[in-house]
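> what's the 3D shape of this:
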Amino acid sequence: MKVQLRTIAHARSGDKGDTSNIGLIALKPEYYPILVKEVTAERVKQHFTGICKGEVERFELPNLSALNFLLHESLGGGGTVSLKTDPQGKTLSAALLRMEIEMESPESL
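All right, here's what the predicted structure looks like:
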């Protein structure tokens, strides 16, 4: 079945220059392996087509049941030079939580 990430995770985001930083945290430790399997750097890059112009890096934080993503070239140059309405990338975490992933069964929710 398909579910939005917001069903099994929460997220925070921020920025450094033109790079957005998104932390994706499993709501339960048993959801972390699902995040690792389903939320790849490639899928995040595809989800942010038109927003992220550069590379997406993924870092695994198993002790926190979390993933961290760096979306390079995603803020129109950054807060001091961008004309975007959100040049700091604070809303990108909410956008990531709308991404749909596959899960095996509803019992795991």
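> CA atoms for contacts and neighbours, from now on please.
OK.
> Show me the contact partners of the lowest-mean-pLDDT helix or strand in the chain.
Within the chain, no helix or strand scores below strand 9-16, which has a mean of 90 by mean pLDDT, DSSP states H and E. By CA atoms under 8 Å, 6 or more residues apart in numbering, the surrounding residues in contact with strand 9-16 are 20-28, 31, 78, 88-94, 96-97.
> One more: stretch 42-62?
By CA under 8 Å, 6+ apart, the list of residues contacting stretch 42-62 reads 32, 36, 40-41, 66-75, 96, 99.
> which one of those residues is nearest Gln4?
Met99 (5.4 Å; CA to CA).
> Now Val39: closest residue in space, sequence neighbours ignored.
In space, Val39 comes closest to Ile101 once its chain neighbours are excluded; the distance is 7.6 Å by CA to CA, 6 or more residues apart in numbering.
> tell me, what residue is most central in this structure?
Geometric centre of the chain, nearest residue: Leu96, 4.6 Å, by CA atoms, centre = their mean.
> Show me the beta-bridge partners of Lys2.
Per DSSP bridges, the residues bridged to Lys2 are Glu102.
> For it, give its distance to Glu104.
Distance of Lys2 to Glu104, given as CA to CA, to the nearest Å: 9 Å.
> Between the two, tell me which one has more neighbours.
Taking other CA atoms under 10 Å, Lys2 and Glu104 do not tie; Lys2 has more neighbours (12 against 9).
> these two touch, right, the more buried one and Ile101?
Yes. Lys2 sits in contact with Ile101 when judged by CA atoms under 8 Å, with a separation of 5.5 Å.
> In PDB, list the C-alpha atoms belonging to stretch 32-49.
Output of stretch 32-49 as PDB, limited to C-alpha atoms (Å, rounded to 0.1, in the frame of the first residue of the first chain):
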ATOM      1  CA  TYR A  32      13.300   3.300  10.400                       C
ATOM      2  CA  PRO A  33      14.200   0.300   8.100                       C
ATOM      3  CA  ILE A  34      11.200   1.400   5.900                       C
ATOM      4  CA  LEU A  35      12.700   4.900   5.600                       C
ATOM      5  CA  VAL A  36      16.100   3.500   4.800                       C
ATOM      6  CA  LYS A  37      14.700   1.300   2.000                       C
ATOM      7  CA  GLU A  38      12.200   3.700   0.500                       C
ATOM      8  CA  VAL A  39      13.600   7.200   0.900                       C
ATOM      9  CA  THR A  40      16.700   7.200  -1.200                       C
ATOM     10  CA  ALA A  41      18.600  10.200  -2.400                       C
ATOM     11  CA  GLU A  42      17.400   9.500  -5.900                       C
ATOM     12  CA  ARG A  43      13.800   9.500  -4.900                       C
ATOM     13  CA  VAL A  44      14.200  12.700  -2.800                       C
ATOM     14  CA  LYS A  45      15.800  14.400  -5.900                       C
ATOM     15  CA  GLN A  46      12.900  13.200  -8.000                       C
ATOM     16  CA  HIS A  47      10.400  14.500  -5.400                       C
ATOM     17  CA  PHE A  48      12.000  17.900  -5.500                       C
ATOM     18  CA  THR A  49      12.200  18.200  -9.300                       C
END
